[in-house]
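> model this:
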Amino acid sequence: MIVLFAKLLMGHALADFALQSDSMAKGKNRNRMVDLSIVPPGQKYQVSWQYWLSAHALIHGMAVWLITGNIYIGFYEICCHWVIDFGKCESWYGIHEDQTAHIVCKILWSIL
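As a prediction, the model looks like this:
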């Protein structure tokens, strides 16, 4: 269980930091101000935060699935990661609580 938890924690660090681009980190927050000057001429701005947040959660779910070999736990990770990050983007809590909640999920996945 300790080895599995360590792998999940490393996978989390990879997916939450190394694989999360600046565009994704900004784009997943529906409250972030949009720079309309970057919208190509002739195109309308379209809301895309839900795609960025979902893609980020899917990356986490894939990492958990690959590490645990269990697609259901990967799906639980997608759902939990999406909700946790949404709450952080809404300023319901900060980065420390966000990361703590993610680690608690990894503990739970290790137990399951």
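> what's in contact with stretch 11-29?
For stretch 11-29, the external contacting residues (Cβ atoms under 8 Å, 6 or more residues apart in numbering) are 32, 48-49, 51-53, 55-56, 59-60, 63-64, 66-67, 85, 89, 99, 102-103, 106. C-beta coordinates here come from the backbone N, C-alpha and C atoms, glycine included.
> Can you classify the residue of the chain positioned farthest from its centre by secondary structure?
The outermost residue of the chain relative to its centre, with distances by Cα atoms, centre = their mean, is G42 at 31.8 Å. Secondary structure assignment for G42 (DSSP: H, G, I helix; E, B strand; the rest coil): coil.
> separation between it and F17?
36 Å (Cβ to Cβ, to the nearest Å).
> go on, V3?
In terms of Cβ to Cβ, V3 sits 22 Å off from F17.
> what kind of secondary structure is the nearest residue to I59 once chain neighbours are set aside in?
Residue nearest to I59 in three dimensions, not counting chain neighbours: A15, with 5.0 Å by Cβ to Cβ, 6 or more residues apart in numbering. Look at A15: counting by three-state DSSP, its state is helix.
> From K44, how far out is A15?
For A15, the distance to K44 - Cβ to Cβ - is 32 Å.
> Which one's more surrounded, the two?
Legend: neighbour count by other Cβ atoms under 10 Å for A15 and K44, higher for A15 (22 against 6).
> Quickly note the distance from that one to V34.
25 Å.
> What are the buried residues along the helix or strand bottoming out on mean pLDDT in the chain?
Across the helices and strands of the chain, mean pLDDT, DSSP states H and E gives its lowest value to helix 22-27, namely a mean of 90. Residues of helix 22-27 classed as buried by neighbour count (16 or more other Cβ atoms under 10 Å): A25, G27.
> Before I go, just wanted to say thanks for your time.
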